[in-house]
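Asker: below is the sequence, then the predicted model.
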Amino acid sequence: MGAGAAGAAGSVGAVAASGTVAGLGAAGITSGLAAVGGVVGGGMLSGLVITAAAPIAIGAAGYGLYKWLKK
């Protein structure tokens, strides 16, 4: 659970800092997601998918490692 929380916190920080409007308000989040999505030629939805993928991948890898070590 710690790795997932750290990944989510890192994602929120990256979104809040990467846009043209800094902060965690609606304008800051929208701007940040659009900036992240713009890296791959997309918009805000692409940014949301990219931002959500990192903590999900870390959580899945951690769960897989846990299952593997528990055998």
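Answerer: Yep, that arrived.
Asker: how many other residues sit next to Val36?
Answerer: 23 (other Cβ atoms under 10 Å). Glycine gets a C-beta too; all of them are placed from N, C-alpha and C.
Asker: and it, how far from Lys71?
Answerer: 37 Å (Cβ to Cβ, to the nearest Å).
Asker: cool, and Ala14?
Answerer: 35 Å.
Asker: more neighbours, those two?
Answerer: Neighbours per residue, other Cβ under 10 Å: of Ala14 and Lys71, the larger number sits with Ala14, 17 against 4.
Asker: show me the helices in this structure, by range?
Answerer: Secondary structure of the chain by DSSP state H: the helices cover 2-18, 26-38, 44-70.
Asker: what average pLDDT does the first one get?
Answerer: Confidence over helix 2-18 (mean pLDDT, whole number) is 67.
Asker: same deal with the longest one?
Answerer: Model confidence over helix 44-70 averages 91 on the pLDDT scale.
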